[in-house]
Structures are given as C-alpha cells and as structure tokens.
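Q: Attaching a predicted model along with its sequence, questions to come.
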Amino acid sequence: MSQTPNLLAVQRPRSIRGTVLPVLLAAVCLLGAGCGDDTTTTTSASTKTASSDLRISTSADRTVWTDGTATCPATGRPASQISGTTAATEGIDGVLAFPKQSQDHVDGCVQYDVSPPVGGPHNPVWSNCGFYTSAVPSEHAVHDLEHGAVWIAYGPQVDAASLDVIRAAVKTSTHILASPYPGLGTTVVLSAWARQLTLDKVTDPRFAKFLQTYVQGPQTPELGAACSGGMGQ
C-alpha cells in the first residue's frame with residue numbers, strides 16, 4: 001500500500017543503472033579476495049515500531065520473528081512449483097513473472113504461496129536494505145519489494161567468494177536487501193515485486209542483469225519509496 005508510517009521519512013533512492021555491472025564484474029574478478037571492511041549487520045525491531053531490542057532467529061526450515069506474541073515460519077513453495085507464472089517480458093532468460101500481488105498492510109504472519117515471496121500482504125514496516133547474516137522476516141522484506149528493492153536470498157551452501165560478490169552488489173544501491181533464507185535449495189534466489197530468478201552461482205551474468213533491470217524497475221508499485229528508516233540496521 002502507499003501509506004508510509006509517520007515516523008519513517010521517505011528518501012529518494014540512488015539509481016544503480018550504469019554502476020552495478022562494472023562493480024559486480026570487478027567483484028567477480030576478485031573472487032575470494034574480499035570486498036573491504038564491510039561490517040555485517042544484525043536485525044532487531046518490532047513488527048509495529050521502527051526499533052526494538054527484539055531479535056530474529058533462524059532454524060533449518062524457518063524464518064522466525066518474535067515480538068512476544070507471534071512467531072512466523074517461512075512458508076510457500078519454490079517458484080518452479082507455482083502455477084500461473086509466465087516468462088518475464090524484460091528479456092532475462094529464466095526470470096518468472098507472477099500474477100498481480102496484493103499490497104495490503106497486515107499485522108502478524110502471512111501464508112505466502114511462493115518461497116521466497118515476490119509480493120502480497122506485508123507488514124507496515126519495511127526492513128532496511130543492506131547485507132544481513134541473519135534471516136529477515138518475509139513480512140518485512142516483501143515491503144521492500146513494493147518499494148522497488150531486489151531481495152537477494154542466499155542459501156546455506158553459499159561460499160565466501162560468492163558472499164563477497166553479494167556484499168559488493170549491495171553496496172551499489174540503496175535498494176538491495178541480502179539475507180540468508182532457511183531451506184533455500186540453491187545458491188541464490190533474486191526477487192523483485194512479481195519477478196524471481198533462481199541461480200546456482202552469482203557469477204552467472206544474469207545476476208547483475210537482474211539487479212540492473214529490477215532495482216527501482218518497471219515492476220515497482222511504489223517507485224521512489226524508501227528502503228531505509230525501517231527495521232534492522
């Protein structure tokens with residue numbers, strides 16, 4: 001939905017067009033060499049407020065957000081098992097397009113059809129974009145997608161060199177979220193609003209192309225809305 005929490009200021013995003021491909025190509029060439037002194041982040045916030053001392057925890061098959069009353073599991077099936085998808089029209093091989101997604105703001109847990117989700121009802125507070133080493137609740141990450149973010153969900157088998165590429169990608173834009181996703185059956189899944197691509201390796205050229213196309217791309221319901229000032233650090 002278009003309503004923004006009163007305590008959160010909307011900021012104009014910085015475009016990655018013309019910058020993401022050179023940065024990622026450099027990162028790919030330096031696989032294993034690291035990407036600087038980037039400090040990893042942890043997430044902590046209430047589902048109803050912008051900050052709190054509550055925490056996210058992760059187990060083998062769940063993304064858990066606990067506010068004292070609610071625990072939200074990761075739900076849904078891989079995109080390959082979802083009916084009604086079509087090939088996206090933006091010209092990237094393998095990207096699936098999904099039917100129109102609800103933009104309703106809701107409290108509590110959401111039963112998503114797709115895992116990771118590509119849209120649908122979501123929490124009124126978004127997650128701050130950036131690189132996370134702990135799982136981010138889908139109910140908050142979906143709000144990021146509504147604002148034009150790309151969510152890079154990475155699996156447990158991702159290696160250190162691939163993580164360096166992902167970190168480098170996050171640094172190219174204010175509207176990229178990266179986090180581990182419990183039970184992910186591949187190296188990485190890239191999601192935008194109503195779009196998704198599954199990849200075995202981040203060196204696939206479609207990784208950078210997806211970011212270039214869909215960060216604040218044509219699928220964005222709320223172009224220009226913030227991906228900061230929400231939950232997380």
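A: Ah, there it is. What you see is a predicted model, and the numbers here were worked out from it, not measured in a lab.

Q: Now do the helices in the protein.
A: Listed in chain order, the helices of the chain (DSSP state H) span 20-29, 138-146, 160-170, 205-214.

Q: Single out the most deeply packed of these.
A: Stretch with highest mean neighbour count among the helices of the chain: helix 138-146 (a mean of 27; mean count of other CB atoms under 10 Å). The C-beta positions use only the backbone N, C-alpha and C, and glycine is treated the same way.

Q: Show the average pLDDT along that helix.
A: Averaged over helix 138-146, pLDDT sits at 96.

Q: The nearest residue to Thr186 once chain neighbours are set aside and Cys109, how far apart?
A: Spatial nearest neighbour of Thr186, excluding adjacent residues (CB to CB, 6 or more residues apart in numbering): Thr198 at 5.4 Å. To Cys109, Thr198 is 24 Å away according to CB to CB, to the nearest Å.

Q: quick one: which of the two has more around it?
A: Ranked by neighbour count (other CB atoms under 10 Å), Thr198 and Cys109 place Thr198 first, with 20 against 17.

Q: Per-residue pLDDT of the more buried one, please?
A: Reading off the confidence values, Thr198 has pLDDT 97.

Q: repeat for Val150
A: In this prediction, Val150 carries a pLDDT score of 98.

Q: Phe210 is in contact with that one, correct?
A: Yes: counting by CB atoms under 8 Å, Val150 touches Phe210, with 6.8 Å between them.

Q: shared neighbours of the two, which are they?
A: The contact sets of Val150 and Phe210 overlap at 190, 192 (CB atoms under 8 Å, 6 or more residues apart in numbering).

Q: Could you tell me the end-to-end distance of stretch 88-107?
A: Across its full length, stretch 88-107 reaches 31 Å between end residues, using CA to CA, to the nearest Å.

Q: what's next to that stretch, contact-wise?
A: 1-3, 47-48, 79, 82, 84-87, 114, 118-124, 139, 146, 193-199, 206, 209-210, 213-214, 217-218, 221.

Q: what is the mean pLDDT for it?
A: 95.

Q: Likewise for stretch 213-221?
A: Stretch 213-221 carries an average pLDDT of 97.

Q: Count the neighbours of Leu223 for me.
A: 12.

Q: for Val125, that is, sorry about that
A: Using other CB under 10 Å: Val125 sits among 25 other residues.

Q: For it, give its distance to Val158.
A: As judged by CB to CB, Val125 and Val158 stand 27 Å apart.

Q: picking up where we left off before, quick one, which of the helices of the chain gets closest to Thr75.
A: With CB to CB as the measure, helix 138-146 is the member of the helices of the chain nearest Thr75 (7.6 Å).

Q: could you give the angle of the closest one to helix 205-214?
A: Interaxial angle, helix 138-146 versus helix 205-214 (axes from the mean of the first three to the mean of the last three CA atoms, to 10 degrees): 70 degrees.

Q: For helix 138-146, give me every contacting residue.
A: Residues outside helix 138-146 that contact it (CB under 8 Å, 6+ apart) are 47, 63, 65, 72, 74-75, 103, 106, 108-110, 112, 116-127, 129, 151, 175, 177, 179, 191-193, 220-222, 225, 227, 230-232.
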